[in-house]
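Engineer: got a predicted structure here, sequence first:
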Amino acid sequence: MSPASAEAATDMVAAERPHLHSGSGRVERLLARFHQVRNFTNALCTGLEPEDCVVQSMPDVSPTKWHLAHTTWFFETFILKKFVPGYRPEIPEYAYLFNSYYNAAGDMHRRDLRGLISRPTVRDAQRYRASIDLHIENLLSNADEKLLDDIEPILVLGRHHEQQHQELLITDIKHVFAQNPLYPVFRAGRARHSVRAEERTATECRPYRFVDFEEATVAIGHDGRGFAYDNEGPRHQALIPVFSLASRPVTNGEYIAFIEDNGYRRPEFWLSLGWMTVNEQRWQAPLYWTKHDGAWWHFTLSGFRTVDESEPVTHVSYFEADAYANWAGARLATEFEWERAALDGPIDGNFVEDELFHPAPTAVASAVSAEKTAQDEDLHQMFGDVWEWTRSAYSPYPGYRPAPGALGEYNGKFMCNQYVLRGGSCATSRSHIRRTYRNFFQPEKRWQFTGIRLARDPE
Ligand SMILES: [Fe+2]
């Protein structure tokens, strides 16, 4: 169907329903949030050329074009096809190309071959976005309260789904650009950093301390107010024995000490599977790091530059996080310890809206007096900057049941061989993260903004 006939179809849909809600606050609010998220995806692509948007640099990475179309397919499949009577997709083949993993929604194209698809073009994907947005706008503008009640939960899920893909879009384009010896820049400048990277040293960082938590029985999981994914429930009581949590994430400078102490060559710190992976993959440092003339450099979304020792270390696997913790005489937190520790603090930090696209440095010692440091009971950078690996396997909470149908495939079927990460990163939207949010990845994955916070048991 041509864009013109799509427009005609849209008009037809609009004509079929009475304008019950034009100007209604609920519809305006829903549409405003919908467009805000959709527009932010488009804004992330500003500066990307079509050639950038089609590359798949490894099976885990999806081309930008695919993210643009898949997030659109989500709204088309789970809202338009379900709620628009007689809805006919403009290009039915998109259902196959842009389904990710929903078996109940039909067959799908192979994930590792997404980079081989030159058609539809990037421009076609953008047209697809605009067309579906228009259909959603028409559907909502003409829906009665009952229909809105049915659509709203899926619309909200689709918004959060798109925010997840915004983060993937950023980490995927970073991986794509990192393969290029010209090291393209995604966003120039890191203006919010007042101190140049070369001027920082590890000794300038405020040292971390351990904040103690008494044994307690704590309610874990989402309380049902506002949106949450199904994997954040059911809310349940968990006994959390006494533990301590580091006041901030591990920095690059601290991680370099682990590397220089031959951490990557000493099996005593590593899980068996981790040790196998380090040797097979020949890891010697976090992803994107290279040593030049005795100094560590890394690729960032602002280009190739020296490693700033005061920034939280990122692009480390669970295996590296665990090995580092062992080397440091500590351990990783459980996800329950992390959630308990995050209960009282604000959800504040360096998120994607800050447009750094990189973790922000920890507070420098010169800015914090020794006395204040000693008295500081706060946890810093719990949210934003880097996702923190926990030692908790990604498993269902007691009583968890995935929803029936295709949307039940969103989380539940991935509860095997993955670890939970908490807190969000510099590529996460502020409006997307929660204290109860459970991200999850396989232990060898390194291309997300993943980092380390230490925990320990009482001595
Ligand atoms: Fe998806």
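Structural biologist: Happy to help now that I have it.
Engineer: packing partners of whichever helix or strand Lys82 is part of?
Structural biologist: Using DSSP states H and E, Lys82 sits in helix 81-83. Packed against helix 81-83, as judged by 3 or more CB pairs under 8 Å, 6 or more residues apart in numbering; DSSP states H and E, are the following elements: helix 145-178. All C-beta spots, glycine's among them, are computed from the backbone N, C-alpha and C.
Engineer: give the buried residues for the helix holding Lys82.
Structural biologist: Phe83 (16 or more other CB atoms under 10 Å).
Engineer: and Pro346, how close does it get to Thr428?
Structural biologist: Here the distance between Pro346 and Thr428 works out to 15 Å (CB to CB, to the nearest Å).
Engineer: next one: Arg248
Structural biologist: In terms of CB to CB, Arg248 sits 18 Å off from Thr428.
Engineer: between those two, who's got more neighbours?
Structural biologist: Counted by other CB atoms under 10 Å, Arg248 and Thr428 do not tie: Thr428 has more neighbours, with 28 against 22.
Engineer: residues near the nearest residue to Pro402 once chain neighbours are set aside, how many?
Structural biologist: Excluding the flanking residues, the one nearest Pro402 by CB to CB, 6 or more residues apart in numbering is Gly412, at 3.3 Å. Neighbour count of Gly412, defined by other CB under 10 Å: 14.
Engineer: quick one on the thing from earlier: what is the subsequent helix or strand relative to the helix holding Lys82?
Structural biologist: Next element after helix 81-83 (DSSP H and E): helix 94-97.
Engineer: and that following helix, what does it pack onto?
Structural biologist: The contact analysis (3+ CB pairs under 8 Å, 6+ apart) places helix 94-97 against helix 64-75.
Engineer: go with 6 Å
Structural biologist: In terms of contacts (3 or more CB pairs under 6 Å, 6 or more residues apart in numbering; DSSP states H and E), helix 94-97 is not packed against any helix or strand.
Engineer: who touches it?
Structural biologist: 106-107, 109 (CB atoms under 6 Å, 6 or more residues apart in numbering).
Engineer: 10 Å - rerun?
Structural biologist: 66, 69-70, 72-73, 76-77, 81, 89, 91, 105-109, 114, 117, 119-120, 124-125, 128, 132 (CB atoms under 10 Å, 6 or more residues apart in numbering).
Engineer: next helix or strand past it?
Structural biologist: Once the chain leaves helix 94-97, the next helix or strand it forms, by DSSP H and E, is helix 122-141.
Engineer: what angle do that next one and helix 145-178 make?
Structural biologist: Going by axes from the mean of the first three to the mean of the last three CA atoms, to 10 degrees, helix 122-141 is angled at 160 degrees with respect to helix 145-178.
Engineer: so Glu339 touches Arg438, yeah?
Structural biologist: Yes. With contact defined as CB atoms under 10 Å, Glu339 reaches Arg438; the gap is 9.1 Å.
Engineer: overlap of the contact sets of those two?
Structural biologist: Common neighbours of Glu339 and Arg438, counting by CB under 10 Å, 6+ apart, are 221, 232, 390, 392, 420, 422.
Engineer: nearest to Glu260, of the residues you listed?
Structural biologist: Nearest to Glu260 among the shared contacts of Glu339 and Arg438, counting by CB to CB, is Thr390 at 26.6 Å.
Engineer: spit out the contact partners of Trp289.
Structural biologist: Residues counted as contacts of Trp289 (CB under 10 Å, 6+ apart) are 252, 255-256, 259, 283, 296-299, 307, 313, 315-316.
Engineer: try 8 Å
Structural biologist: 296-298, 307, 315 (CB atoms under 8 Å, 6 or more residues apart in numbering).
Engineer: out of those, list just those in strands.
Structural biologist: Residues of those located in strands (DSSP state E): 296-298.
Engineer: returning to that earlier point: so how do I select the buried members of the contacts of helix 94-97 in ChimeraX?
Structural biologist: Entered in ChimeraX, the line below selects the buried ones among the contacts of helix 94-97, by 16+ other CB under 10 Å:
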select :66,69,70,72,73,76,77,89,105,109,114,117,120,125,128,132
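Engineer: wait, is Gly408 part of a helix?
Structural biologist: Yes. Counting by DSSP: H, G, I helix; E, B strand; the rest coil, Gly408 is found in a helix.
Engineer: surely His336 touches Thr217?
Structural biologist: Wrong residue type there; residue 336 is Phe, not His. No. Assessed by CB atoms under 8 Å, Phe336 is found out of contact with Thr217, at 10.7 Å.
Engineer: which residues do these two both contact?
Structural biologist: Common contacts of Phe336 and Thr217 (CB under 8 Å, 6+ apart): 238, 240.
Engineer: who has more neighbours, the two?
Structural biologist: Just comparing Phe336 and Thr217: by other CB under 10 Å the higher neighbour count belongs to Phe336, 18 against 9.
Engineer: now the residue nearest to Pro402: how far from Gln418?
Structural biologist: According to CB to CB, Gly412 stands 12 Å off from Gln418.
Engineer: burial check on the closest residue in space to Ala178 that isn't next to it in sequence, number of neighbours?
Structural biologist: In space, and not counting its chain neighbours, Ala178 is closest to Phe299: 4.6 Å by CB to CB, 6+ apart. Neighbour count for Phe299, taken as other CB under 10 Å: 21.
Engineer: residue contacts, Phe299?
Structural biologist: Going by CB under 8 Å, 6+ apart, Phe299 touches 174, 177-178, 183, 288.
Engineer: cool, Ile117 as well?
Structural biologist: So Ile117 contacts 54, 63, 66, 97, 109 (CB under 8 Å, 6+ apart).
Engineer: which pLDDT value goes with it?
Structural biologist: The score at Ile117 is 95. That number is its pLDDT.
Engineer: what's the separation between Gln418 and Glu444?
Structural biologist: Taking CB to CB, one finds Gln418 at 11 Å from Glu444.
Engineer: and the helices in the protein, which stretches?
Structural biologist: 3-16, 25-44, 64-75, 81-83, 94-97, 122-141, 145-178, 252-260, 272-281, 318-327, 335-342, 370-375 (DSSP state H).
Engineer: state the mean pLDDT of the fifth one.
Structural biologist: Okay, so that is helix 94-97. Mean pLDDT, helix 94-97: 93.
Engineer: buried residues of it, list them for me.
Structural biologist: By 16+ other CB under 10 Å, the buried positions in helix 94-97 come out as 94-95, 97.
Engineer: just the pLDDT for Pro207.
Structural biologist: 88.
Engineer: then Glu409?
Structural biologist: On pLDDT, Glu409 comes in at 87.
Engineer: for it, which non-adjacent residue is spatially closest?
Structural biologist: Glu409 sits nearest to Tyr102 (CB to CB, 6+ apart), 5.2 Å away.
Engineer: this completes my enquiry, with thanks.
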